[in-house]
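[1] Curious how this folds, go ahead:
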Amino acid sequence: MNTGEYGYPKFNFEQQAHTVSIPPPQPFIKSLKNTVKETLFPDDPLRQFKNQPPSRKFILGIQYIFPIFYWGSRYNLSFFKSDIIAGITIASLSIPQGISYAKLANLPPIFGLYSSFVPPLVYAMMGSSKDVAVGTFAVASLLIGSMLGAVVNANENPKLHLQLALTATFVAGVLQASLGIFRLGFIVDFLSHSTIIGFMAGSAIVVSLQQLKGILGLQHFTQSTDLISVLRSVFTQTHKWRWESAVLGICILLCLLFARFVSTKRPKLFWISAMAPLTSVILSSVFVYLTHAHKHGVQVIGELKKGLNPISIKELSFGSEYLFTAIKTGTVTGVIALAEGIAVGRSFAMLKNYNIDGNKEMIAFGMMNIAGSCTSCYVTTGPFSRSAVNLNAGCKTAMSNIVMAITVMITLLFLTPLFYYTPIVVLSSIIVSAMLGLINYKEAIHLWSLDKFDFVVCMSAFLGVVALSLLRVLLFVARPKTYALGHIPNSSIYRSIDQYQNAKNIPGILILQIDAPIYFANAAYLRERILRWVDEEENKLKSLGGNSLQYVVLSLSAVGNIDTSGITMLGEVKKLMERRGLKLILANPGGEVIKKMNKAKLIDVVGEEWIYLTVGEAVGACNFMLR
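    Now for the predicted structure:
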């Protein structure tokens, strides 16, 4: 390669013919339309309707809204054999979990079974995932119990607590469906991976501590969720501990943990972990019945009403003085339910190499919670534990949810009396076992080694400060990275000096790269950061006794867009450089950037001759002028 004195390519400034092109102007309406399309319809969901006759469009529309008509037309007996096994398997998990989580939400146990009947049927018709198994989940149950419990005591006023829970479920459903209908699913993405990990682990600890009431057989327990209140409630009632309940609970918990360990080590034995909760319910119920343990300190569920979900639309309490609390509870649980359900669906879809529509999933979750609130159900989603069992059981389609719902229906109609002797302690043990699976300490260690800030976000969410995740997003926008670039010897490449140790500074020229769009939120920061780079470079050159700084090259290749504040900032930087006797040069501005610079007359301010297609050409021009 023909190189110059400092090892960078020779550049003939007079023959330089490359210029930065300005995109042709677009009407505002067309530009706005493209922006809205890319924001709300990045997956172009209507492409399948193009060039189709009206009859075909109608069929495609029905299949789009109700995917069951799409996969149902291709359904066969082989699929049904797999789905019926998977459905019965997840039903064996959902029945004891449903009863347990209803207790966690301070609702009658039967509502846990109700919530495993109607919502899965709605999701099976409208959901786009083959693997998501619908039902109640621990975090939402805890939040409903704690947030509503802060204003209404479920023991003193159970009817009002139930009405608020159903109202919160309706709010969650409306929120979820609205996000999907208006294509606003990207809002959920603000909950980062590290935030979800920390929040789930923190919730698991809180939930597990609350179960000490059931394991120790205590009648009265604190409604608070902090560690001090729970421990005070436990140790101030040591004289009321029931050793019979504690021994039974610990034995059941150890068995459940051992079953999960076996299934983890040998994935083909997944059914052991899936069947363990129902098996523990059956065996403990038989034990209590035969030994009359319920007469010796072991609390039992008692009578569960037979029959299918009663209509509860009249129970929605929109005129209550606690309506704001119900709305707040529904909003929080609705967003968390979406985050978990969509994350689970995407993960399993990627594993099995198919795609799901995130916005359609939101509509499906929303509709099943709206329908659920009208049929005695509380907030549901596609929890990881249940969906993982569904996947491992070999499900082929959402028909497994229908099979599960039918199994729960049979239980509601005929089998609820069998749960009379089910001890409360077994439900507490099932909850603790499920919660321990949410504490992903290995992922937290991985975050520490990969990104310390992500680890801090995770720990903050663990302690309840979820807003730190949003703070990180704001920091990325408001404090974008800037890099000093150097020349890679014997090439025409310019890269970060910090990343590439062999990258060389160009005497008299400072090359900076801005690594984000320039908006009002970061324009002032970037102006000050560029000036600080200039000060540092000038001080370094003075200390070395080298050539003085004469040119500042800004590489805009990573600047995807710029607003009026950004345009103003570049104009201000140009003036500040001139006052210091320096020349500002711009390299590789993108189409949107150069278009706005042209409209704002910034090209005339900077000088068209000082805007170059590449950093190499800009440096070559500077060297030509220096010599």
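
[2] Pretty sure Ile90 sits against Val389.
    Yes. If you go by CB atoms under 8 Å, Ile90 and Val389 touch, sitting 5.4 Å apart. Bear in mind the C-beta positions are built from the backbone N, C-alpha and C, glycine included.

[3] What's the mean pLDDT across stretch 22-32?
    Across stretch 22-32, pLDDT averages out at 75.

[4] Report the contact partners of Ile430.
    96-97, 100, 252, 256, 277, 280-281 (CB atoms under 8 Å, 6 or more residues apart in numbering).

[5] any idea how far Gln63 lies from Met125?
    11 Å (CB to CB, to the nearest Å).

[6] What count of nearby residues applies to Gly581?
    9 (other CB atoms under 10 Å).

[7] just Leu278 next, same as before
    18.

[8] Report pLDDT for it.
    81.

[9] and if you look at Gly464?
    On the pLDDT scale, Gly464 gets 60.

[10] From Val139, how far out is Met147?
    12 Å.

[11] Could you look up the next helix or strand downstream of the helix or strand bottoming out on mean pLDDT in the chain?
    When the helices and strands of the chain are scored by mean pLDDT, DSSP states H and E, helix 467-478 comes last with a mean of 60. As assigned by DSSP states H and E, the chain's next helix or strand after helix 467-478 is strand 482-487.

[12] State the helix or strand in which Ala326 lies.
    helix 323-351.

[13] ok, back up a step: so of the contacts of Ile430, which ones are in helices?
    In helices, defined here by DSSP state H, the members of the contacts of Ile430 are 96-97, 100, 252, 256, 277, 280-281.

[14] from those residues, which single one is nearest Ser555?
    Distances from Ser555 to those, taken as CB to CB, are shortest for Gln97 (55.1 Å).

[15] Read off the pLDDT value for the closest one.
    83.

[16] what's the burial count for it?
    The burial count for Gln97: 27, using other CB under 10 Å.

[17] the more surrounded of Met147 and Val139?
    Val139 (27 against 19).

[18] Does that one touch Ile336 like I think?
    Yes. Counting by CB under 8 Å, Val139 does reach Ile336; the two are 5.8 Å apart.

[19] Could you pull out the residues contacting both of those two?
    In contact with both Val139 and Ile336: Phe199, using CB under 8 Å, 6+ apart.

[20] so which strand or helix has Ser178?
    Using DSSP H and E, Ser178 falls in helix 158-181.

[21] Distance from that helix to the middle of the chain?
    Helix 158-181 has its C-alpha centroid displaced from the chain centroid by 20 Å (CA atoms, centre = their mean, to the nearest Å).

[22] What residues of that helix count as buried?
    160-177, 179-180 (16 or more other CB atoms under 10 Å).

[23] Tell me where the stretch 51-200 of the chain has helices.
    In the stretch 51-200 of the chain, the helices defined using DSSP state H, counting those that start in this stretch lie at 54-65, 68-72, 77-104, 110-114, 118-126, 138-149, 158-181, 193-210.

[24] Dump those helices to CSV, plus distance to Ile22.
    CSV is the format used below for the helices of the stretch 51-200 of the chain (distance: least, CB to CB, whole Å):
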stretch, distance to Ile22
helix 54-65, 40
helix 68-72, 46
helix 77-104, 56
helix 110-114, 63
helix 118-126, 47
helix 138-149, 52
helix 158-181, 38
helix 193-210, 40
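
[25] and Met435, which of these is closest to it?
    Comparing the helices of the stretch 51-200 of the chain under CB to CB, the one sitting nearest is helix 193-210, at 3.9 Å.

[26] Show me what counts as buried in the closest one.
    Per 16+ other CB under 10 Å, helix 193-210 contains these buried residues: 194-210.

[27] Then stretch 68-78?
    68, 71.

[28] and it, C-alpha only, in CSV?
    What follows is stretch 68-78, C-alpha atoms only, in CSV (Å, rounded to 0.1, in the frame of the first residue of the first chain):
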residue,chain,number,x,y,z
ILE,A,68,-56.6,-21.6,16.5
PHE,A,69,-58.3,-21.6,13.0
TYR,A,70,-54.8,-21.6,11.5
TRP,A,71,-53.2,-24.5,13.4
GLY,A,72,-56.6,-26.2,13.9
SER,A,73,-57.0,-26.8,10.1
ARG,A,74,-53.6,-28.6,10.1
TYR,A,75,-54.3,-30.6,13.3
ASN,A,76,-53.9,-34.4,13.3
LEU,A,77,-54.2,-37.3,15.7
SER,A,78,-50.4,-37.4,16.3
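
[29] I'd like to know the average pLDDT value across that stretch.
    On average, stretch 68-78 scores 89.

[30] From here on, call the first residue 221.
    Okay, residue one is now 221; in that scheme the one you just asked about reads as stretch 288-298.

[31] picking that back up, could you list every helix and strand that the helix holding Ser398 packs against?
    Counting contacts by 3 or more CB pairs under 8 Å, 6 or more residues apart in numbering; DSSP states H and E, helix 378-401 is packed against helix 358-369, helix 543-571, helix 578-593.

[32] nearest to Gln457, of the ones you listed?
    Per CB to CB, nearest to Gln457 of the helices and strands packed on helix 378-401: helix 358-369, 19.2 Å.

[33] Run the angle between that closest one and helix 378-401 for me.
    Angle of helix 358-369 versus helix 378-401, following axes from the mean of the first three to the mean of the last three CA atoms, to 10 degrees, is 130 degrees.

[34] ok, the nearest residue to Leu846 once chain neighbours are set aside - contacts?
    Closest residue to Leu846 in three dimensions, ignoring its sequence neighbours and counting by CB to CB, 6 or more residues apart in numbering: Gly728, at 5.7 Å. Residues counted as contacts of Gly728 (CB under 8 Å, 6+ apart) are 767-771, 842, 846.

[35] could you redo the last one with a cut-off of 6 Å?
    767, 770, 846 (CB atoms under 6 Å, 6 or more residues apart in numbering).

[36] Ramachandran coordinates for it?
    phi 80, psi 0 (degrees, to the nearest 10).

[37] For it, give me the pLDDT.
    In this model, Gly728 carries a pLDDT of 88.

[38] just to revisit the earlier point, any idea which of the contacts of Ile650 is closest to Gly578?
    Gln317 (25.7 Å).

[39] quick one: buried residues of the host helix or strand of Gly469?
    Gly469 belongs to helix 463-485 when assigned by DSSP H and E. Across helix 463-485, burial judged by 16+ other CB under 10 Å covers 464-466, 468-469, 472-473, 475-477, 479-480, 483.

[40] so how far is stretch 274-291 off the chain centroid?
    29 Å.

[41] which residues are in contact with it?
    268-269, 345, 348, 617.

[42] Can you pick out the most distant pair from these?
    Maximum distance among the contacts of stretch 274-291 (CB to CB): 23.9 Å, for Phe269 and Thr617.

[43] so which of the contacts of Ile650 comes closest to Phe675?
    Leu476 (30.0 Å).

[44] Now the closest one: closest residue in space, sequence neighbours ignored.
    Ser653 (3.9 Å).

[45] Enumerate every residue touching that neighbour.
    473, 476-477.

[46] Swap in 7 Å and give it another go.
    Applying CB atoms under 7 Å, 6 or more residues apart in numbering to Ser653 gives the contacts 473, 476-477, 480.

[47] Could you measure from it over to Ser605?
    Counting by CB to CB, the gap from Ser653 to Ser605 is 10 Å.

[48] residues contacting Phe604?
    Counting by CB under 7 Å, 6+ apart, Phe604 has contacts 560, 564.
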